[in-house]
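Colleague: Sequence and predicted model, in that order:
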Amino acid sequence: MGEFVSFIGDNLTTFWQYTGFANAAFGNFVMILVGICFIYLAIAKEFEPMLLIPIGFGMLVGNIPFNLEAGLKVGIYEEGSVLNILYQGVTSGWYPPLIFLGIGAMTDFSALISNPKLMLIGAAAQFGIFGAYTIALWMGFDPSQAGAIGIIGGADGPTAIFLSSKLAPNLMGAIAVSAYSYMALVPVIQPPIMRWLTGKKERLIRMKPPRAVSHTEKVIFPVIGLLLTGFLVPSGLPLLGMLFFGNLLKESGVTRRLANTAANPLIDVITMLLGLTVGASTQASQFLTWNSVRIFALGAFSFVIATTAGVLFVKFFNLFLKQGNKINPLIGNAGVSAVPDSARISQVVGLEYDSTNYLLMHAMGPNVAGVIGSAVAAGILLGFLG
């Protein structure tokens, strides 16, 4: 009987050593609370639920502690585990191009084609990337790390993941979560900046309706866009090539099945896997560091710089435009590539001051230009720092 009790006791002790309760650290509970907060914001506030729910749940998965010495191969950083295999799409950088394929297949570039000068707003908003890069260097990050951190200012999660996987793999978790967090907080961060930087008269500017764009123009655009950006920054081809390929599938009119696959089931599957694995990569032991705190602070600052640069550029550009051709500076925020949320913010803030002034279609021009601009900026940084 004594041996049986001892046997049961030993087994219970071994079982306890395998449980998460026995291996938990304070940091695990901190990250679990953050994950729950992400899920709450996604459901209750509808802040980017397609992103925050996978990332938030991934944080729960990644922070359930286990005995590392047991060799269970369940953790995302344990080579050969299921999570580790799925995470290779992030670390190897092949999830982001597939996301860009889907973005291209669902994006209408008509607003940009009809008014090409809106491309300049998208370019101006990329100042947030290079501003954050400069500040990161000043804070002591090496050039490669600074480049990966700076891309957060483009408000483009896939691009941030792609670049950080090449330049700063050790910081990728913090950079990815920061990028997606600020994308979700577009409705909170941008409106105060837009109101502060614009006057009442500027907010009431009415822009000319965009002209009709022909089918031929829509087909030519992805071809010309690829050739121009590809020759300019060949290092951005994985993102730019897939973006314009997806758009050609959409606009050609003869590959609807392929375009629908890229724009719906493919991008949905990749978004789920990317969000879950990025969230799971935030294991407390890897994520809760001083560098992560600094990256989040820099990410917020770069997002503010990008929004400010976009709005101020429109105000400056208007000095050279004739009356009747001026641009409403409330669409300057849309230069960041958080498609289509930043464009919607332009619409929402504009309607606060004139309930009949619809800015969404105009804002989509710099918004899609921002997608191209962030990919070009990533290509430039990768070319110089890779």
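Modeller: That came through, no problem.

Colleague: I'd like to check what contacts the strand or helix carrying residue 103. Which residues are they?
Modeller: Take DSSP states H and E as the rule and residue 103 turns out to sit in helix 95-106. Helix 95-106 has contacts (Cβ atoms under 8 Å, 6 or more residues apart in numbering) with 89, 158-159, 161-162, 222, 238-250, 258-260, 262-264, 266-267, 270-271, 273-274, 339, 371, 375. C-betas here are computed from N, CA, C, even on glycine.

Colleague: Show the buried residues in those.
Modeller: 89, 158-159, 161-162, 222, 238-250, 258-259, 262-263, 266-267, 270-271, 273-274, 339, 371, 375 (16 or more other Cβ atoms under 10 Å).

Colleague: The residue nearest to residue 65 when sequence neighbours are not counted and residue 214, how far apart?
Modeller: Nearest residue to residue 65, sequence neighbours excluded (Cβ to Cβ, 6 or more residues apart in numbering): residue 23, at 4.0 Å. Residue 23 is 63 Å from residue 214, where distance means Cβ to Cβ, to the nearest Å.

Colleague: what helix or strand does residue 136 sit in?
Modeller: helix 127-138.

Colleague: How about residue 322?
Modeller: Assigned by DSSP H and E, residue 322 falls outside every helix and strand.

Colleague: Got phi/psi on it?
Modeller: Main-chain dihedrals, residue 322, degrees, to the nearest 10: phi -70, psi 160.

Colleague: One more: residue 323?
Modeller: Torsion angles, degrees, to the nearest 10, at residue 323: phi -60, psi 130.

Colleague: Burial check on it, number of neighbours?
Modeller: Using other Cβ atoms under 10 Å, residue 323 has 7 neighbouring residues.

Colleague: Repeat that for residue 228.
Modeller: 13.

Colleague: Equivalent analysis for residue 372, please.
Modeller: 24.

Colleague: Test my guess that it contacts residue 123.
Modeller: No. Applying Cβ atoms under 8 Å as the test, residue 372 and residue 123 come out as separate, 9.0 Å apart.

Colleague: Between residue 23 and residue 214, point out the one with more neighbours.
Modeller: residue 23 (17 against 11).

Colleague: correct me, but the more buried one touches residue 63?
Modeller: No. Residue 23 is beyond contact range of residue 63, at 11.1 Å (criterion: Cβ under 8 Å).

Colleague: element containing residue 361, please.
Modeller: helix 360-385.

Colleague: For that helix, buried residues please.
Modeller: 360-382, 385.

Colleague: With stretch 50-67 instead?
Modeller: Burial within stretch 50-67, assessed by neighbour count using 16+ other Cβ under 10 Å, is assigned to 51-66.

Colleague: which residues touch the residue nearest in space to the middle of the chain?
Modeller: Geometric centre of the chain, nearest residue: residue 157, 2.0 Å, by Cα atoms, centre = their mean. By Cβ under 8 Å, 6+ apart, the residues touching residue 157 are 51, 176, 179, 180, 183.

Colleague: and the gap between the fourth one and residue 299?
Modeller: Distance, residue 180 to residue 299, by Cβ to Cβ: 10 Å.

Colleague: One more: the last one?
Modeller: Between residue 183 and residue 299 the distance is 10 Å, computed by Cβ to Cβ.

Colleague: Identify the contacts common to those two.
Modeller: Both residue 183 and residue 299 lack any common contact, where contact means Cβ under 8 Å, 6+ apart.

Colleague: Mind giving me the packing neighbours of the helix holding residue 361?
Modeller: With contacts taken as 3 or more Cβ pairs under 8 Å, 6 or more residues apart in numbering; DSSP states H and E, helix 360-385 sits against helix 110-114, helix 119-125, helix 127-138, helix 143-150, helix 157-167, helix 215-232, helix 237-251, helix 341-353.

Colleague: how far is it from where the chain is centred?
Modeller: Distance of helix 360-385 from the chain centroid (Cα atoms, centre = their mean, to the nearest Å) equals 12 Å.

Colleague: for stretch 27-38, same thing?
Modeller: That offset, for stretch 27-38, works out to 21 Å (Cα atoms, centre = their mean).

Colleague: pLDDT weak spots in the stretch 251-386 of the chain?
Modeller: Low-confidence segments of the stretch 251-386 of the chain, defined by pLDDT under 70: 386.

Colleague: how about 80 then?
Modeller: 338, 386 (pLDDT under 80).
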